[in-house]
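Enquirer: test case, fold it:
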Amino acid sequence: VGTVRVSDTQAHLFTPDGQHDVALALEVHDLAGDGEQPAATKLTLAMGDATVALEGGTRLAPPGFAGTLTVTDLPLADVTDIAAVLPPTVLQGGTLGASLRLAAGSAAEPAGDVTVAGTVGLERFTLVGDAPELFSVALGKLDVAIDELRLPGVLAPPDVARQPPIVKLATMALAGPSVRLTRTPEGLVLPDLAPPPRTDSESPPARSAAGVPETEPAPADAGAAPSADAASGAAPAPLDVTVGSLRVDDGVVRVSDRTVKPFFTGGFEALDLEVRALRYPALTMEHLELTAKSITRGSLRVTGKRTAAGGRLEVNGKDIALEPFNPYATHYSPYSISGGALSVTSKATIKGGAYDSTTALTLDRFDLGGKEGDSLFKQQFGIPLEVALALLRDLQGRIALDIPMAGDERGTKVSVMTVAAQALRAALVNALASPLKLVGAAFGGAGGQAAPAPIAFATGRAVPTGDGEKAIAALGGLLASRPGIGITLLAAPTEADARWLAEQALREELSQPQGVFGAIGNLAQRGVRERIRLALEARAEGKEGALEGDDAATLEEWLAERPAPSASQLRALAAARIERVATELREQHGVGPERVAQAEPASEARPGDAVVTFELGAARSRGAS
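Expert: From the prediction side, this is the model:
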């Protein structure tokens, strides 16, 4: 046929959503059934302002085409409506443009393949679910430059083995993408993409060439040869996609999780992504950089690379508000987040299926609540949760934690949320336990817990022992480095203190001059008095002051004849010890009185050692009573 020309042709397509008018023009020159020279072909379709133009050379036997495909301003919603491949309300926008080079069938190299190269653009795309507030995907613009898209053997004879598709993209750029996702107890909310079934009036049952309805199974062709893939029993190789450069500019992600109460709402905006030399499904890349801002507050930056042998990844988050994550805290733990912001630096190295990472967390103005959590924390660590947080805060009121973590591919067998919950719980417990146990060890807490240790004093005196001085210095250092911590000092006199005071009162009497007549009258006991006096003076200096035999018995008789120390004396001793600790903390470590409370001293002698104890608590504000 020398020339085929079709012009001024209209196709009227009726769908449930309305009528679509398509103008068609076709021109073919030198068309031959078995000619080697391809026929020059030009096909143009127009629908409103949209055009689709196919121009190139066509062969009929064997079939093939090589040429160009140009698409201008094609509305995707109209195309999917005409083709009935999606529900009518899912795709609500999107204009397609393309400039492609095509080769197919006998015109391709090798023959039987389909190859595509060129550019594809999509603008003002919007995809929504039944409830747009739960799921939606939109983007301002998508540009894709295709180096090669090859479908090997698609138009080859059936006995030719099929090879996996090849996708090589030079660039992929998305501008202004916006994604809204919602998770419910039933799973992630996704739109139903299946088109509605046609009624009999809309689409009568299609029939095969033999007249058998396609709804009934057609008889098998016993003589048909199985495909090469079926004969070998081997599955086709997986799809391999490479992307030279992937960019995302000014993206927005909104996430809602309705599996926790109250519902969690979060996400990122100003999201920019750059990936170079991306390969899928291996997920290798030469360069990765992602930056975004939290919709509540804070920023995120991720950098890294990954090869077949391994890779590295670094995550930096700054000033991310924590209170929006309170639904997870209350759901997975007995605690609640009262406030604070998170900054995190995490570095991971990947080797094979395993990874090692170190994570440095900084919590600013962080606070936890929850009565059940507070009692549980005190049971585990020996101090209230409020005190633990104050212990962890530095001079700037921040909590810094280092968390090492490692894992391998076995972790992927568990639900992501389960892994996240377990990792969060383990990280919090381990991170809190380490510094608290260090504090407990510094003060001699039992079992390494941060239970406050007593400050030892010399018996009967308001003078700390050597160990007591060390304990005061350690306490002062802790309070100086943790301004959120306050203490309450407590003291009670001991039975040993009462004995010491009684002995020293006796010593003072024995040291008084007796006069001439008294000395002559007590001449027989003069040696006993002197030995006892010297022993008591030694005891006053902290020495042993040992007495034996009759001297010891005489001392006990004399003490029994004397009145015991009064309650006011005992109370004064305990008060003096408390004041000594407060004075040293103030003068030697600069710890103000607003952080050191003094409890009312006891006045009754008790068993035990001579000590000042203290209770840790949150610091009082200046001027508080």
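
Enquirer: return the distance of stretch 547-555 from the chain's centre.
Expert: Chain-centre distance of stretch 547-555: 73 Å, with C-alpha atoms, centre = their mean, to the nearest Å.

Enquirer: which outside residues touch that stretch?
Expert: Glu503, Leu506, Val528, Arg531, Ile532, Ala535 (C-beta atoms under 8 Å, 6 or more residues apart in numbering). C-beta here means a position set from N, CA and C on the backbone, and glycine is covered the same way.

Enquirer: am I right that the first one sits in a helix?
Expert: Meaning Glu503. Yes. Per DSSP: H, G, I helix; E, B strand; the rest coil, Glu503 lies within a helix segment.

Enquirer: for it, what are its contacts?
Expert: By C-beta under 8 Å, 6+ apart, the neighbours of Glu503 are Leu536, Arg539, Leu555, Leu559.

Enquirer: the second one belongs to a helix, doesn't it?
Expert: In other words, Arg539. Yes. Applying three-state DSSP, one finds Arg539 inside a helix.

Enquirer: still on that earlier bit, quick one: the contacts of Glu503 as JSON lines, columns for neighbour count and pLDDT too.
Expert: As requested, those are exported to JSON lines (neighbours: other C-beta atoms under 10 Å; pLDDT from 0 to 100):
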{"residue": "Leu536", "neighbour count": "21", "pLDDT": "87"}
{"residue": "Arg539", "neighbour count": "20", "pLDDT": "86"}
{"residue": "Leu555", "neighbour count": "18", "pLDDT": "88"}
{"residue": "Leu559", "neighbour count": "14", "pLDDT": "88"}
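
Enquirer: residues in contact with the nearest residue to Met47 once chain neighbours are set aside?
Expert: Among residues not flanking Met47 along the chain, Val22 sits closest, at 5.0 Å (C-beta to C-beta, 6 or more residues apart in numbering). If you count contacts by C-beta under 8 Å, 6+ apart, Val22 has them with Gln10, Ala11, His12, Leu13, Leu45, Ala46, Met47.

Enquirer: mind giving me the PyMOL select for these, buried ones only?
Expert: Applying 16 or more other C-beta atoms under 10 Å to the contacts of Val22 leaves a buried subset, and the PyMOL line that selects it is:
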select buried, resi 45+46+47
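
Enquirer: out of the contacts of stretch 547-555, which is nearest to Ala292?
Expert: Glu503 (75.0 Å; C-beta to C-beta).

Enquirer: tell me the pLDDT at that closest one?
Expert: Listed pLDDT for Glu503 reads 88.

Enquirer: sorry, back to before: would you point out the most distant pair within the contacts of Glu503?
Expert: Arg539 and Leu559 (12.6 Å).

Enquirer: would you mark the buried spots in the helix or strand where the residue nearest to Met47 lies?
Expert: According to DSSP states H and E, Val22 maps onto strand 18-29. When burial is assessed from 16+ other C-beta under 10 Å, strand 18-29 yields the following buried residues: His20, Val22, Val28.

Enquirer: bridged to Ala23, which residues?
Expert: Gln10, Ala46 (DSSP bridges).

Enquirer: contacting residues around it?
Expert: Counting by C-beta under 8 Å, 6+ apart, Ala23 has contacts Thr9, Gln10, Ala11, Leu45, Ala46, Met47.

Enquirer: shaky segments in the stretch 151-300 of the chain?
Expert: Within the stretch 151-300 of the chain, the ranges that satisfy pLDDT under 70 run 195-238.

Enquirer: 50 instead?
Expert: 203-225, 227-234 (pLDDT under 50).

Enquirer: which residue ranges form the helices in it?
Expert: 228-232 (DSSP state H, counting those that start in this stretch).

Enquirer: also the stretch 351-500 of the chain?
Expert: Under DSSP H, counting those that start in this stretch, the stretch 351-500 of the chain gives helices at 371-381, 385-392, 416-442, 466-481, 495-511.

Enquirer: which of those helices comes out lowest on mean pLDDT?
Expert: helix 416-442 (a mean of 47).

Enquirer: can you give me the helices in the stretch 501-625 of the chain?
Expert: Here the stretch 501-625 of the chain has its helices, by DSSP H, counting those that start in this stretch, at 515-521, 526-540, 549-561, 567-589.

Enquirer: just to check, Pro164 is in contact with Val241?
Expert: No. Contact criterion C-beta atoms under 8 Å: Pro164 and Val241 do not qualify, at 10.5 Å.

Enquirer: between these two, which has more neighbouring residues?
Expert: Val241 (16 against 13; other C-beta atoms under 10 Å).
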